[in-house]
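> Would you be able to build a 3D model of this:
(chains A, B, C and D)
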2 protein chains.
Amino acid sequence: MNINKLLTHFSNYIPLNDEEITELSNRVIERNVKRKEFILQKNDICNNYTFIVSGLFKMYTVDKNGAEHILHFASENDWICDINSFHNKKQSLLYIDAIEPSTIIQIDNSNLMYLFTHYQKFDRTFRVLIENKFMELENRILQNISSKAEERYQFFLEQYPNICNRIPNVLIASYLGITPEFLSKIRNAISKK
Amino acid sequence: MNINKLLTHFSNYIPLNDEEITELSNRVIERNVKRKEFILQKNDICNNYTFIVSGLFKMYTVDKNGAEHILHFASENDWICDINSFHNKKQSLLYIDAIEPSTIIQIDNSNLMYLFTHYQKFDRTFRVLIENKFMELENRILQNISSKAEERYQFFLEQYPNICNRIPNVLIASYLGITPEFLSKIRNAISKK
DNA sequence: ATTTTTTCTTAATATAGTTTAAGATTTATT
DNA sequence: AATAAATCTTAAACTATATTAAGAAAAAAT
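Okay, the predicted model is just below:
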């Protein structure tokens, strides 16, 4: 069962005891998701924290011209959630769909709140989880305000070696905030060095 | 005493009981900080979470050309900390200094860890705090990858009406990731509309 | 296996943003 | 009050990136 992958993930933060493992296991559901299938769409309320057992997702907005802007990629052993919609029960502005066929484990809002309330460890673990994600975003912001597109691309390749060759360049461009044509130019310039 | 401002701040998340108030009060220190005084410098380890009672700070890197890139502004009733340095006890890449004469309340690493370990509420409150900051950064990233500088400037003015007129434009430009000359051009274009 | 769809590239032209330099204005310091 | 320092603006020339369009290559669907 894939729950083991989630338990191993937790144990990298704080190992769970038997009671916590049982409680957690009873409160999550496992799902398979096809390529291009949505697990969140705009105007829906994001009711789940999603742990990715295998596969790859993108979270993004679509602007008035129909262009996608990718806020996050997330692959195996990572979480994906619109926490604004999740915690405030507000309609989401974001889409999340699968770039690859994927297997996920989801915990919904009420079950996660139950764990937060009854077991201190979950508050702690999710605090540390979100702190780590916050640091990643800080680095990304710094890149965005201080570096040219070529440096940001090189940094992306270094930072995400496991996913960068599973993602079409058109999506990497959208993540970096540039056009695919310009990314192509950058790649050409790099290859000539 | 200014500790009341901190207690009020906590009570916006989860009110503290008497014991928690006593514990917290005994574990923080209050300081006054002059304009341009550093509370964190590059290569130091950030050993404090800093709550701002009054005043205004900037957190930034300095690149190889000596240019500042501002990651965060923080004013009264807000927190500022390099959480990467703080939690991992790593040398910071960042500076934090006061834009205005300020009063702050600081809690150091060991005291905060004590509170986390002994009182669940602090884990919870700091989880929610960092979740809110994470959402703010998500919005900023989306702006950076999808909007032109003029829109980002207008959004900044709307989102931070209380601080935007206390910050010189040269620093706003650095926060937005543009040159002060170009911000001046944008302001001129806006004023002609 | 063939067709359709998606992805990647190239190039010309256009726009957004930077650089350099200089002067004017405002704010801080003596 | 005078001087020094920081801030804001303008403009010309330059560079980074976007747009448009078109064709080639690769991947997905039938």
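
> Quick one, grab the pLDDT at residue A:98.
Listed pLDDT for residue A:98 reads 94.

> Enumerate every residue touching it.
Contacts of residue A:98 were listed using C-beta atoms under 8 Å, 6 or more residues apart in numbering or on different chains, and they are A:33, A:34, A:35, A:36, A:37, A:39, A:55, A:56, A:57. Just so you know, the C-beta spots here come from the backbone N, C-alpha and C atoms, and that holds for glycine as well.

> let's see it at 6 Å
Residues near residue A:98 by C-beta atoms under 6 Å, 6 or more residues apart in numbering or on different chains: A:33, A:35, A:37, A:55, A:57.

> any idea how far the closest residue to it other than its chain neighbours is from chain B?
Beyond its immediate neighbours in the sequence, the residue positioned closest to residue A:98 (C-beta to C-beta, 6 or more residues apart in numbering or on different chains) is residue A:33, lying 4.7 Å away. Shown here: residue A:33 relative to chain B, a distance of 22 Å by C-beta to the nearest C-beta, to the nearest Å.

> Including secondary structure, neighbour count and pLDDT, could the contacts of residue A:98 go into TSV?
Converted to TSV, the contacts of residue A:98 look like this (DSSP: H, G, I helix; E, B strand; the rest coil; neighbours: other C-beta atoms under 10 Å in any protein chain shown; pLDDT from 0 to 100):
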residue	secondary structure	neighbour count	pLDDT
A:33	strand	20	93
A:35	coil	12	90
A:37	coil	14	93
A:55	coil	20	94
A:57	strand	25	96
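
> tell me which element residue A:103 falls in.
Remark: residue A:103 resides in strand A:102-108, with elements defined by DSSP states H and E.

> Tell me which residues of that strand come out buried.
Counting neighbours by 16 or more other C-beta atoms under 10 Å in any protein chain shown, one finds that the buried residues in strand A:102-108 are A:102, A:103, A:104, A:105, A:106, A:107.

> circling back: just grab the bridge partners of the residue nearest to residue A:98 for me.
With DSSP bridges applied, the residues forming beta bridges to residue A:33 are residue A:102.

> Could you tell me which ranges of chain A sit under the pLDDT cut-off?
Along chain A, the model assigns pLDDT under 70 to residues A:1.

> Which stretches in it count as strands?
With strands called from DSSP state E, chain A shows them at A:28-33, A:38-40, A:48-54, A:56-62, A:68-75, A:79-80, A:95-98, A:102-108.

> May I see the contacts of residue A:98 arranged in JSON lines, with distance to residue A:130 as well?
Shown next, in JSON lines, are these (distance: C-beta to C-beta, whole Å):
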{"residue": "A:33", "distance to residue A:130": "23"}
{"residue": "A:35", "distance to residue A:130": "28"}
{"residue": "A:37", "distance to residue A:130": "26"}
{"residue": "A:55", "distance to residue A:130": "22"}
{"residue": "A:57", "distance to residue A:130": "18"}
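
> for these, which one is nearest residue A:8?
The shortest gap between residue A:8 and any of these belongs to residue A:55, at 17.1 Å (C-beta to C-beta).

> Please tell me I have it right and the closest one contacts residue A:102.
Yes. Applying C-beta atoms under 6 Å as the test, residue A:55 and residue A:102 come out as touching, 2.3 Å apart.

> what's the longest helix seen in chain A packed up against?
Of all segments of type helix in chain A, defined using DSSP state H, the longest is helix A:120-146. Packing partners of helix A:120-146 (3 or more C-beta pairs under 6 Å, 6 or more residues apart in numbering or on different chains; DSSP states H and E): helix A:109-118, strand B:68-75, helix B:120-146.

> Max pairwise distance over the buried residues of strand A:102-108: which two?
Farthest-apart pair in these is A:102 and A:107; separation 16.4 Å (C-beta to C-beta).

> Can you check which of the strands of chain A gets nearest to residue B:16?
Set against residue B:16 and scored by C-beta to C-beta, the strands of chain A come closest in strand A:48-54, at 27.2 Å.

> Report the angle between that closest one and strand A:28-33.
60 degrees (axes from the mean of the first three to the mean of the last three C-alpha atoms, to 10 degrees).

> Alpha carbons of strand A:48-54, in PDB - could you do that?
Only the C-alpha atoms of strand A:48-54 are listed here, as PDB (Å, rounded to 0.1, in the frame of the first residue of the first chain):
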ATOM      1  CA  ASN A  48      -7.700  18.600   0.200                       C
ATOM      2  CA  TYR A  49      -4.100  18.600   1.000                       C
ATOM      3  CA  THR A  50      -2.600  16.300  -1.700                       C
ATOM      4  CA  PHE A  51       0.500  14.100  -1.200                       C
ATOM      5  CA  ILE A  52       2.000  12.800  -4.400                       C
ATOM      6  CA  VAL A  53       3.000   9.200  -4.300                       C
ATOM      7  CA  SER A  54       4.100   9.100  -7.900                       C
END
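
> Can you give the strand pairings for it, parallel or anti for each?
The pairing partners recorded for strand A:48-54 under DSSP bridges are strand A:79-80 (antiparallel), strand A:102-108 (antiparallel).

> would you turn those strands into JSON lines with distance to residue B:91?
Conversion of these to JSON lines gives the following (distance: least, C-beta to C-beta, whole Å):
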{"stretch": "strand A:79-80", "distance to residue B:91": "29"}
{"stretch": "strand A:102-108", "distance to residue B:91": "37"}
